[in-house]
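**Q** no letters, just coordinates:
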């Protein structure tokens, strides 16, 4: 019996050593003590995504890197970005991301202070107003150089308009996302007023007069009378038919739809020309003549366009697709139509720039994070949640990819595909921040002089003529026009 015990002991020891050896081999494939991946992790893992780089696997030989990434956005956007950067670190374990959220109103001032204090981010968001002068000072990396050296991506993989270029060969930034404007509306308010929903197809867009008439029916005073009825009280409005903001995005989008321009290709101030002044005047008339839109002063009491729709203070909002995030998260009963037609109804592409600072000591890693955020596969919540639209063309054209972000979720209602996704792909034109030289100064002078228009104290033609005298000496042309 003693001999049998010794034999059994030797056998048990041999089995134990074999199990240890096998466990060590298993660890080499990075599977030891790893829980079953979630569905999201399965989708974005290298073996399930042939488009992802091979070096996405953990690599213990890499030196730890910490990237400083700055961004702005709503509380929901902050959460979405933080989740995305955590997923990035799961994919590239040697890279951690210090994601610094800065309120958009304070962003330019704080970034300027960081750069002046030799505390520049490695990468981050940039407004076009600040990006243009800084790229002239050589602060940003040429994205085209990084892209042309990349084994996975090429310029043709992206939408045409999304590059912030100082020349055909130098892109100092890429659009943080594909973004455009549409006509958001609260379906409950339309049903109560018994009004037809706005069209989502551009060829069926309301003309301006149709749009105004519907907006009147949806504007109610404190006694319940709408703006088309006799006895309506414009001084005591409880629900507006439509709202819009007065920064350059929505104003330029409206001017473009009347076939006007901000800075013409021959270097003139286009906002003072008839097509532009007519479009701007029509917006002002929504406030001061038709009484269907709140003034900028009145809008100050409303936190955002999304809140205005959610709280039923307005029935429609001419706004950007990024509010899909907030509306979807709040489960608002809403949908999206195309902007009303003047001479046409086309979507204007717009976005902040994503840049990589030349001062970064981690350019390769910063490019990895840029690619990760630009590729919906790696940061899908940002897209399916409604904050961003892709910059890569295949996510607009391949059904299996479209289904991952633009279908079966509360942030992409039925009208989204026609009004925004397909419309931007097929008909999109760029906002002036992509191509106007000296954009920061042109924008500041132009929009500091528009308050009198929104207040009804001057016509658009009068105000634009006065602004022209100040802007024209600052105009340096357009980057998209050959010298």
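**A** Yep, that arrived. None of the values given here were measured: they were computed from a predicted structure.
**Q** report how many residues lie close to the nearest residue to residue 242 once chain neighbours are set aside.
**A** Distance criterion Cβ to Cβ, 6 or more residues apart in numbering; nearest residue to residue 242, sequence neighbours excluded, is residue 316 at 4.3 Å. Every residue, glycine included, has its C-beta placed from N, CA and C. Residues near residue 316, counting by other Cβ atoms under 10 Å, number 28.
**Q** you'd agree residue 316 is up against residue 185?
**A** Yes: with contact defined as Cβ atoms under 8 Å, residue 316 reaches residue 185; the gap is 4.5 Å.
**Q** between the two, which contacts overlap?
**A** Common neighbours of residue 316 and residue 185, counting by Cβ atoms under 8 Å, 6 or more residues apart in numbering, are residue 198.
**Q** tell me which element residue 243 is part of?
**A** Taking DSSP states H and E as the criterion, residue 243 maps to strand 237-244.
**Q** and the host helix or strand of the residue nearest to residue 242, what does it pack onto?
**A** If you go by DSSP H and E, residue 316 is part of strand 314-320. Contacts defined by 3 or more Cβ pairs under 8 Å, 6 or more residues apart in numbering; DSSP states H and E place strand 314-320 against strand 181-186, helix 187-193, strand 237-244, helix 248-257, helix 305-310.
**Q** deepest in the core, which of those is it.
**A** strand 181-186 (a mean of 28; mean count of other Cβ atoms under 10 Å).
**Q** and the angle from that one to strand 237-244?
**A** Calculated by axes from the mean of the first three to the mean of the last three Cα atoms, to 10 degrees, strand 181-186 forms an angle of 160 degrees with strand 237-244.
**Q** packing partners of strand 181-186?
**A** Packing partners of strand 181-186 (3+ Cβ pairs under 8 Å, 6+ apart): helix 248-257, helix 305-310, strand 314-320, strand 334-337.
**Q** and residue 160, backbone torsions?
**A** phi -60, psi -40 (degrees, to the nearest 10).
**Q** roughly how far does it sit from residue 370?
**A** Look at residue 160 and residue 370: by Cβ to Cβ, to the nearest Å, they are 19 Å apart.
**Q** those two: which has the busier surroundings?
**A** Neighbour count, other Cβ under 10 Å: between residue 160 and residue 370, residue 370 has more, with 22 against 11.
**Q** surely that one is in contact with residue 123?
**A** Yes: assessed by Cβ under 8 Å, residue 370 is found in contact with residue 123 at 6.3 Å.
**Q** mutual contacts of those two, please.
**A** Listed as contacting both residue 370 and residue 123 by Cβ under 8 Å, 6+ apart are 354, 356.
**Q** what sits against the residue lying closest to residue 84 once chain neighbours are set aside?
**A** Once flanking residues are discounted, residue 84 sits nearest to residue 379: 3.9 Å by Cβ to Cβ, 6+ apart. Residue 379 sits next to 84, 87, 88, 372, 373 when contact means Cβ under 8 Å, 6+ apart.
**Q** next one: residue 218
**A** Residue 218 makes contact with 189, 190, 193, 195, 226, 239, 240, 241, 242, 292, 315, 316, according to Cβ under 8 Å, 6+ apart.
**Q** next one: it from residue 307, what distance?
**A** Relative to residue 307, and taking Cβ to Cβ, residue 218 is found at 17 Å.
**Q** again, but for residue 374
**A** Counting by Cβ to Cβ, the gap between residue 374 and residue 307 amounts to 29 Å.
**Q** go on, residue 454?
**A** Distance from residue 454 to residue 307, counting by Cβ to Cβ: 20 Å.
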